[in-house]
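Chemist: structure of the sequence below:
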Amino acid sequence: MLVTGVSRFLGGHLAARLAQNPDIERVLGVDTVPPPRDLLRRMGRAEFVRADIRNPLISKVISTANVDTVVHASLSANPGSSGGRVAMKEMNVIGTMQLLAACQKAPSVRRMVLKSTTAVYGSSPRDPALFDETMTPKDLPSGGYAKDAVEIEGYLRGFARRRPDVSVTTLRFANFIGPRIDTVFTRYFALPAVPVVLGYDARVQLLHEEDGLAVLERAASEDIPGVFNVAADGVLLLSQAIRRAGRVPIPVPSPIVGPVGRLFRSARLVDFSPEQMRLLNFGRVVDNTKLRTQFGFTPRWTTVQAFDDFVRGRGLRPVVDPERFAVLERGLLTAARALR
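Modeler: Model (predicted):
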C-alpha cells in the first residue's frame with residue numbers, strides 16, 4: 001500500500017494507522033520532505049520514501065514495491081506550506097497526473113483512493129441548501145485549490161475508464177477541524193480578531209480530524225467504490241462559531257475584503273484564497289446520506305462537537321469578557337457601516 005503526502009497530518013497519521021494493521025503486508029509513505037520526527041516515530045513499520053510524485057520515477061516506486069492500493073492524500077489547500085500558489089498547483093495537478101499515469105501502467109494496482117474536497121461544489125448565493133454527490137456547482141471554481149480538485153477528479157474519472165479493473169473511491173471532505181490538525185480554518189478561528197464579510201453569516205459544515213482519518217482508513221482497507229461527501233452532521237453559522245471560540249468578529253465591507261485578505265497573507269497569519277473568501281460569504285453544506293448508507297460510516301462528531309473539541313484542544317480563551325462582547329460587536333458593526 002502507498003500513501004502520498006505523509007509529511008502532513010492526514011497522510012502521516014493514516015500511514016501510521018495502516019501500519020498497525022497486521023493484514024497489510026507493507027506500507028509506503030511518499031512525500032518530497034520527511035515527516036516531522038514525532039510523526040515518523042508514530043508511523044512505525046511504515047517505510048518513508050522521499051519522492052516527488054511530479055517525477056515519472058514514481059512509476060518505479062509503485063512497480064518495484066508491487067503496490068496494490070494507492071491513497072492519494074497529498075492534495076494541498078495551503079499555498080504557504082507548498083512553496084506558493086504555482087508550486088501548489090503543480091504538485092496538486094501535475095503530481096496527480098503523473099501518479100495516475102504510473103498507476104495505469106502498474107498491473108498490481110487494484111484500488112485507488114483520492115482525498116478530494118467539497119470545494120468542488122463552489123460557493124455562491126444560488127447554491128442549494130444541500131449538495132449531494134450528483135450535483136455540480138452553480139458557479140465553477142475559477143482558481144486555487146477548488147479548481148485543482150475539479151481537474152483532478154476529472155483525471156481520476158479518465159483513469160477509471162482506462163482501468164475498469166481498479167476500484168476507485170473519491171472522498172469529498174468538508175473543512176477539517178480538531179485539536180491537532182493545522183488548516184486555514186483552524187488558523188482563522190484562532191485569530192484574536194476574526195474578519196467577517198459585512199452583511200453575511202455563512203453556514204459552516206466541518207469534519208473532525210479523527211473522523212477524516214477513520215474514513216480514509218476504511219477506504220484504504222476495503223473496496224467501496226464511488227464518490228462520497230464526507231462531512232459531519234449539522235452546521236454552525238459563522239457568527240456562532242466565532243462566539244464559541246471566544247473571538248472578536250471584525251466586519252469588513254465587501255469592497256475591501258480582497259485587500260484585507262492580502263494583508264493577512266502578507267503577515268503570514270492566514271492565507272485566504274478567493275474560494276475560501278467566497279465560502280466565508282455564502283457557506284456550503286453537503287448531504288452525507290451516501291456516506292452513512294453506502295460507505296457505511298457515521299461521523300462520531302457533529303459539526304458543533306468537532307468545533308468545540310477544537311476550541312478545548314487548542315486551549316482557546318475568550319479575547320474579551322463575554323458580557324462586553326455584545327457591546328463591542330455592536331460598536332464594530334456601527335463603525336463598519338459608517339465606512340461604506
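Chemist: tell me the helix or strand right after the host helix or strand of residue 257.
Modeler: Assigned by DSSP states H and E, residue 257 falls within helix 257-266. Using DSSP H and E, the next helix or strand after helix 257-266 towards the C-terminus is helix 274-282.
Chemist: tell me the helix or strand right after that next one.
Modeler: As assigned by DSSP H and E, the chain's next helix or strand after helix 274-282 is helix 289-290.
Chemist: what's the distance between the residue nearest the centre of the chain and residue 224?
Modeler: Residue closest to the mean C-alpha point of the chain, counted by CA atoms, centre = their mean, is residue 175 at 5.2 Å. Taking CB to CB, to the nearest Å as the measure, residue 175 falls 23 Å from residue 224. To be clear about C-beta, it is placed using only N, CA and C from the backbone, and glycine gets the same treatment.
Chemist: next up, the contacts around the residue nearest to the centre of the chain.
Modeler: Counting by CB atoms under 8 Å, 6 or more residues apart in numbering, residue 175 touches 118, 183, 185, 204, 205, 206, 207.
Chemist: by neighbours, which of the residues you listed wins?
Modeler: For the contacts of residue 175, the largest neighbour count, defined by other CB atoms under 10 Å, is 27 neighbours, found at residue 206.
Chemist: dihedrals phi and psi, that residue?
Modeler: Here is the backbone geometry of residue 206 (degrees, to the nearest 10): phi -130, psi 180.
Chemist: so who does it touch?
Modeler: Counting by CB under 8 Å, 6+ apart, residue 206 makes contact with 174, 175, 176, 177, 185, 231, 232, 236, 303, 306, 307.
Chemist: what do you get if the cut-off is 7 Å, keeping everything else the same?
Modeler: By CB atoms under 7 Å, 6 or more residues apart in numbering, the residues touching residue 206 are 174, 175, 177, 232, 303, 306, 307.
Chemist: pLDDT of the helix holding residue 257, averaged?
Modeler: Helix 257-266 shows a mean pLDDT of 68.
Chemist: same check on stretch 70-89?
Modeler: What stretch 70-89 shows for mean pLDDT is 79.
Chemist: so what touches that stretch?
Modeler: By CB under 7 Å, 6+ apart, the residues outside stretch 70-89 that reach it are 2-5, 10-11, 14, 31, 53, 91-92, 95-96, 99, 103, 109, 112-115, 145, 148-149, 152, 184, 216, 220, 268, 271.
Chemist: just stretch 22-34 next, same as before
Modeler: For stretch 22-34, the external contacting residues (CB under 7 Å, 6+ apart) are 1-7, 11, 15, 18-19, 40, 43, 46-53, 61, 65, 67, 74.
Chemist: do stretch 37-52 as well
Modeler: With CB under 7 Å, 6+ apart as the contact definition, stretch 37-52 has outside contacts at 6, 12-13, 15-16, 19-20, 27-30, 32, 34-35, 57-58, 61.
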